[in-house]
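A.B. asks: Take a look and give me a structure for this.
(2 chains)
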Amino acid sequence: GENVEQHPSTLSVQEGDSAVIKCTYSDSASNYFPWYKQELGKRPQLIIDIRSNVGEKKDQRIAVTLNKTAKHFSLHITETQPEDSAVYFCAASFTGNQFYFGTGTSLTVIP
Amino acid sequence: GAVVSQHPSRVICKSGTSVKIECRSLDFQATTMFWYRQFPKKSLMLMATSNEGSKATYEQGVEKDKFLINHASLTLSTLTVTSAHPEDSSFYICSASSLQPGRSPYEQYFGPGTRLTVT
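C.D. replies: So this is what the prediction gives:
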């Protein structure tokens, strides 16, 4: 099955700085890579996703890049704000069948 | 929108009893539903994938006789933890995806989760 690794496990940044979270996957058949934000005790919320036919996608302060050859993808958050503090998960899927999650990154934005 | 509900939100049961968790898609037809288990400060671990009207596909290491999954309709899936033990205590989250027109078949919509405590 698919194996998704995520780094770092914890990340602290000053407000206004950028945050980068990286994930690698093992199954070259995976073609859909969502990122989720989860606040304590709540459900994961999709914040951005990318499909394998695209190398980069941006939505305001959030961007995701994908390198299919190297089988890794990254989340970039610019101009971080305290409300960005949460746990972020990457995931890999083949056409929406079965999602395999990374181990999570706890992001703290220091005001 | 795409709303998924779970019931109950919290449940405490005694060791040896069974508990059922319901996952409902409220405003769309869920072709596929997923069940996850999440330990404190840990990632979501996929337990099984179920398609309406067919048997669930369990991930390696997940006991299908212990975690019974039923997906009887396009809006309801249930997870029954049988003969629960304290080590089954966890946060269980379901999600759903849909092949309905206008919806991305790739995207999954999460329920709010169920906190199970087995005493």
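A.B. asks: Distance check, the closest residue to B:Leu99 other than its chain neighbours against B:Thr75.
C.D. replies: Of all residues not flanking B:Leu99 in the chain, B:Thr31 sits nearest, at 4.5 Å (CB to CB, 6 or more residues apart in numbering or on different chains). C-betas here are computed from N, CA, C, even on glycine. In this structure, B:Thr31 lies at 11 Å from B:Thr75, with CB to CB, to the nearest Å as the measure.
A.B. asks: Surely B:Glu87 is in a helix?
C.D. replies: Yes. Counting by DSSP: H, G, I helix; E, B strand; the rest coil, B:Glu87 is part of a helix.
A.B. asks: On the pLDDT front, check the nearest residue to it once chain neighbours are set aside for me.
C.D. replies: Excluding the flanking residues, the one nearest B:Glu87 by CB to CB, 6+ apart is B:Val118, at 7.9 Å. Model confidence at B:Val118, expressed as pLDDT, equals 97.
A.B. asks: wait, B:Val118 sits on B:Ser89?
C.D. replies: Yes. The pair B:Val118 / B:Ser89 is scored as a contact, 5.0 Å apart, by CB atoms under 8 Å.
A.B. asks: Settle it for me: which of these two has more neighbours?
C.D. replies: B:Val118 (19 against 16; other CB atoms under 10 Å in any protein chain shown).
A.B. asks: Show me the beta-bridge partners of that one.
C.D. replies: Judged by DSSP bridges, the bridge partners of B:Val118 are B:Cys13.
A.B. asks: residues touching it, list them.
C.D. replies: Shown in contact with B:Val118 (CB atoms under 8 Å, 6 or more residues apart in numbering or on different chains): B:12-15, B:84-89.
A.B. asks: and of those, the nearest to chain A?
C.D. replies: Of all the contacts of B:Val118, chain A sits closest to B:Ser89, with 14.9 Å by CB to the nearest CB.
A.B. asks: ok so, going back, just the buried members of the contacts of B:Val118?
C.D. replies: Neighbour counting over the contacts of B:Val118 (16 or more other CB atoms under 10 Å in any protein chain shown) leaves B:13, B:84, B:88-89 as the buried ones.
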